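# sequence unavailable; structure follows:
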């Protein structure tokens, strides 16, 4: 059995990588992937604590977070495709204005 603190450490590491990805990347696609990484690290922590406390509530919350994350990806990628068609770039610095 793997100790709980190792799962929480992994979750913190993944969240830190996600934050760094949001702050340092210029591509909108990489920013979306970093946000997903942060959501998944929070899910890992929730499932870890649910397993530790033998509770199903956090696991139900994880199911809803995954559902919301999937919807966020669908909407975000649709917007990204629309912006790419107009600008021919996914660079965040080029997206400061919406005028062509």
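Looks like it arrived, so ask away. Worth saying up front: this structure is predicted, and the values here are computed from it rather than measured. Residues are numbered from 1 along each chain as shown.
# what about the protein, any weak spots by pLDDT?
Regions of the chain meeting the criterion pLDDT under 70 cover residues 94-100.
# for it, longest helix please?
helix 57-87 (DSSP state H).
# go ahead and measure how far that one is from the middle of the chain.
9 Å (CA atoms, centre = their mean, to the nearest Å).
# count of neighbours near residue 76?
16 (other CB atoms under 10 Å). From N, CA and C alone the C-beta is placed, and that goes for glycine too.
# gap between it and residue 49?
28 Å (CB to CB, to the nearest Å).
# again with residue 22
Residue 22 is 24 Å from residue 49, by CB to CB.
# secondary structure element for the residue most central in space within the chain?
Centroid-nearest residue in the chain: residue 36, 1.6 Å away (criterion: CA atoms, centre = their mean). Taking DSSP states H and E as the criterion, the element that holds residue 36 is helix 28-53.
# before we move on, back to that, was I right to think the residue nearest to the centre of the chain contacts residue 73?
Yes - counting by CB atoms under 8 Å, residue 36 sits close enough to residue 73 to count as a contact (6.7 Å).
# which other helices and strands does the helix holding residue 36 contact?
Packing partners of helix 28-53 (3 or more CB pairs under 8 Å, 6 or more residues apart in numbering; DSSP states H and E): helix 4-24, helix 57-87.
# need those helices in a markdown table (columns: distance to residue 45).
Formatted as a markdown table, those follow (distance: least, CB to CB, whole Å):
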| stretch | distance to residue 45 |
| --- | --- |
| helix 4-24 | 4 |
| helix 57-87 | 9 |
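# I appreciate the help and will end here.
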